[in-house]
Each structure stands twice: as C-alpha cells, then as structure tokens.
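Q: For reference, the sequence and a predicted model appear below.
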Amino acid sequence: MGLIRRLRVTQRAMEKAIRDQIRNEEIRRRTRVTDLAQRVAKLKWQWAGHIARRTDGRGGLRCWNGDRTGKRSVGRPPTRWTDDIRRVAGSR
C-alpha cells in the first residue's frame, strides 16, 4: 500500500502542475488517462489469473505466495500478493 500511496501522490502532483482550478477527474477525463492505482490493481489481477492457471510447475507460485528465504525483518511481515487477493476476493 505504501507504493500505491506514493504513486497516487506523484500522479496528483503532476496533475496539479498542469491544472488551473480544474478538478483531477476533469483532467483525467480530458486526457483519457486512467487512475494509476486502478491500473496497477487491474494488472495485478491479470497476473494473478495467469499464475493461477499455470500448471507447468515453474516458480511463479512461490513468488506469488510470498515464500522468502533468509532472515525476516523486525516488525509486521510484508503483505503478500495472496493476502491482497484474499482481502478483495475472499478465502476461496
């Protein structure tokens, strides 16, 4: 979520640089630029569907599930892709 927040802030900063009392939604409508967070979420879901359909046993599922080797950092563990998908889609 930190990356998404930083991307949104960057996008808004760019939008503010080109606007003169115009709402961000109006700028996006005029320029036909999609919201960056929505685009990232869509690509993430497409990738998740691609990985879920794979049956050849390559290492993509390990990356998707967040299996890591080595020492873990102190504090809350980082969110895995499956955690985000389960949050949105449910446990099935």
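A: Great, that's in hand.
Q: Helices of this protein, start to end?
A: Ranges of helices in the chain, per DSSP state H, are 2-18, 24-31, 36-53, 60-65, 81-89.
Q: thought residue 8 was touching residue 38?
A: No. Using Cβ atoms under 8 Å, residue 8 is not in contact with residue 38; the gap is 10.4 Å. C-beta: built from backbone N, CA, C; applies to glycine.
Q: ok, the two, which is more surrounded?
A: residue 8 (14 against 9; other Cβ atoms under 10 Å).
Q: gap between residue 18 and residue 26?
A: 11 Å (Cβ to Cβ, to the nearest Å).
Q: Looking at the helices of the chain, which is nearest to residue 75?
A: helix 2-18 (13.2 Å; Cβ to Cβ).
Q: Pull out the buried positions in the closest one.
A: 11, 15 (16 or more other Cβ atoms under 10 Å).
Q: and that helix, average pLDDT?
A: If you average the pLDDT over helix 2-18, you get 86.
Q: Tell me the helices and strands packed up against it.
A: Using 3 or more Cβ pairs under 8 Å, 6 or more residues apart in numbering; DSSP states H and E, the elements in contact with helix 2-18 are helix 24-31, helix 36-53.
Q: how is the chain carved up into domains?
A: 1-33, 35-69+77-92 (automatic domain parsing).
Q: Can you tell me which of those has the worst average pLDDT?
A: Least confident of the domains of the chain, judged by mean pLDDT, is domain 35-69+77-92 with a mean of 74.
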